[in-house]
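S.K.: 3D, please:
(one chain, ligands or ions: 2)
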Amino acid sequence: MLSKVITIAQQKGGTGKTTLAVHLALAFVKYHNLKVVIIDTDPQGSLGKWFMVRSKKNSLNKNLTFKTASLWGAQYESKTFKKDHDIIIIDTPPKIESDARPSIEAADLVLIPMTPSHVDFWATEAIIEIAKKAQKKVLVQINRANQRSKLINKTHEYINSIKVSATNIIIGNRQIYPSSMGEGKTAVEKQKKSKAVEEIKKLSEQILLELK
Ligand SMILES: Nc1ncnc2c1ncn2[C@@H]1O[C@H](COP(=O)(O)OP(=O)(O)OP(=O)(O)O)[C@@H](O)[C@H]1O
Ligand SMILES: [Mg+2]
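M.R.: Ligands and ions are numbered 1, 2, ... in the order given. Here you go, the predicted model:
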């Protein structure tokens, strides 16, 4: 058992926390044969709705467990799941600051999705501060990027300026992410070979290396 916890957090809403949570989960199951839990701590429950749609469609949930918890409860739940699971992914709600602490404390890695936009930059610092204070490994994930946008360079400049690391994968703005999730699935189940599949697979590989 790897027994590692990844907390996905970001103050700003809609940066791709939930999208990343499910895509990484399925990538760990599919490409690395790992036993994965996703813990939803968001009262909006979008992850729960995704899982319900998924269950209705009889999708394969081998090695995939879903659980809801409060931000505090996630710390306890993740400790318990660590005993017999490889990866525990905690999806958190937006607009959290001090509330985020227990989920950050539970993490081996804090993953922070950020779209290439100054509005996202400004919203990110609080969570990075909390993660740094807790001495956690932090990785920013650039999401929903238009690959030709000049803002990608600006995003890297910003990431360097706040002395944090980013993964070297840039996730593009692709329809397959929302469309697959609407069916209770993920891009890695809907497509065999595509840019989305490639970037998610690479991201799962890089994250596993970071967790070792
Ligand atoms: N790479 C992407 N390409 C296209 N659409 C995306 C991508 N990532 C996320 N989205 C879409 O952006 C919206 C917000 O994504 P998501 O719900 O994952 O963000 P979130 O950070 O979990 O939001 P919240 O803060 O409300 O929980 C959704 O409609 C999602 O389908
Ligand atoms: Mg979400």
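
S.K.: With adjacent residues omitted, what lies nearest to G13?
M.R.: Excluding the flanking residues, the one nearest G13 by CB to CB, 6 or more residues apart in numbering is P94, at 3.6 Å. From N, CA and C alone the C-beta is placed, and that goes for glycine too.

S.K.: quick one: contacts for that neighbour?
M.R.: With contact set as CB atoms under 8 Å, 6 or more residues apart in numbering, P94 has these partners: Q10, Q11, K12, G13, G14, K17.

S.K.: residues in the chain within reach of ligand 1, list them.
M.R.: Selection of the chain residues close to ligand 1 by CB under 6 Å from any ligand atom yields 13-19, 42, 46, 93-94, 143-144, 171, 173-174, 177-178, 181.

S.K.: What lies in contact with the helix or strand harbouring Y31?
M.R.: Assigned by DSSP states H and E, Y31 belongs to helix 17-32. For helix 17-32, contacts defined as CB under 8 Å, 6+ apart pick out 6, 8-10, 34-36, 38, 42, 46-47, 50, 62-64, 86-87, 89, 91-92, 94, 111, 113, 141, 143, 171, 177-178, 181, 186-189, 200-201, 203-205, 207-208.

S.K.: moving C-terminal of that helix, what's the next helix or strand?
M.R.: strand 36-40.

S.K.: Just after that following strand, pick out the following helix or strand.
M.R.: Trace forward from strand 36-40 with DSSP H and E and the next one is helix 46-56.

S.K.: What are the buried residues along that following helix?
M.R.: S46, L47, G48, W50, F51, R54 (16 or more other CB atoms under 10 Å).

S.K.: So the third one is in contact with S55, correct?
M.R.: No - distance between G48 and S55: 10.4 Å, which falls outside the contact criterion (CB atoms under 8 Å).

S.K.: circling back: let me have the contacts of P94 in JSON lines, adding pLDDT as columns.
M.R.: Output for the contacts of P94, formatted as JSON lines (pLDDT from 0 to 100):
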{"residue": "Q10", "pLDDT": "93"}
{"residue": "Q11", "pLDDT": "89"}
{"residue": "K12", "pLDDT": "91"}
{"residue": "G13", "pLDDT": "93"}
{"residue": "G14", "pLDDT": "94"}
{"residue": "K17", "pLDDT": "97"}
